[in-house]
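Colleague: below are the sequence and a predicted model; questions follow.
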Amino acid sequence: FSAMLCWLAYSFHSPDFYSFSLQGWELLLIPLGIYAGGISAVAIHNASHGSFPAPWLNRLCGHIAGMHQLWGYFGWKFIHMLHHQ
C-alpha cells in the first residue's frame with residue numbers, strides 16, 4: 001500500500017521536480033537536524049515508558065517521533081522493552 005502511495009505522489013510531478021542540488025546555506029541546517037533528532041529520540045523513549053500524562057498522548061508522540069526516527073513507534077518500543085529485560 002505504501003509503495004502505491006509513493007508512486008501516486010511521484011506521478012504528480014515531472015522528474016525534474018525531484019532533482020537535488022545542495023545550496024551552501026543549507027549546511028547551516030545540520031545543527032538543527034541534529035537537535036531535532038535528539039528531541040525525537042527523547043520523545044520516543046519517554047512515550048515507550050508511558051511518561052506523557054495520557055495513553056493517547058504517549059501513542060501520538062511515539063508515532064510522530066517514530067516517523068522522524070524512521071523506525072516506527074511499536075517496533076522501537078518492543079526492542080526497548082526487551083532491552084530493559
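Modeller: Nice, I can see it.

Colleague: what's the distance between the residue minimising distance to the centre of the chain and residue 35?
Modeller: The structure's the chain has its C-alpha centroid closest to residue 68; by CA atoms, centre = their mean the separation is 1.1 Å. Separation of residue 68 from residue 35 (CB to CB, to the nearest Å) stands at 12 Å. For the C-beta atoms, the positions are set from N, CA and C on the backbone; glycine is no exception.

Colleague: hmm, back to that, how about the secondary structure of the residue nearest to the residue nearest to the centre of the chain when sequence neighbours are not counted?
Modeller: Of all residues not flanking residue 68 in the chain, residue 40 sits nearest, at 4.1 Å (CB to CB, 6 or more residues apart in numbering). What DSSP: H, G, I helix; E, B strand; the rest coil gives for residue 40 is helix.

Colleague: got it, and residue 29?
Modeller: helix.

Colleague: any idea how far residue 49 is from the residue nearest to the centre of the chain?
Modeller: Separation of residue 68 from residue 49 (CB to CB) stands at 18 Å.

Colleague: show me where this structure has helices.
Modeller: Counting by DSSP state H, the chain has helices at residues 2-10, 30-48, 55-68, 73-84.

Colleague: relative to residue 17, how far out is residue 52?
Modeller: 38 Å.

Colleague: my bad, should have said residue 38
Modeller: Residue 38 sits 31 Å away from residue 17, going by CB to CB.

Colleague: wait, isn't residue 52 in contact with residue 58?
Modeller: Yes - using CB atoms under 8 Å, residue 52 is in contact with residue 58, at 4.6 Å.

Colleague: between these two, who's got more neighbours?
Modeller: Each of residue 52 and residue 58 has its neighbours counted (other CB atoms under 10 Å); residue 58 has more, 20 against 16.

Colleague: residues contacting the more buried one?
Modeller: Counting by CB atoms under 8 Å, 6 or more residues apart in numbering, residue 58 makes contact with 47-48, 50-52.
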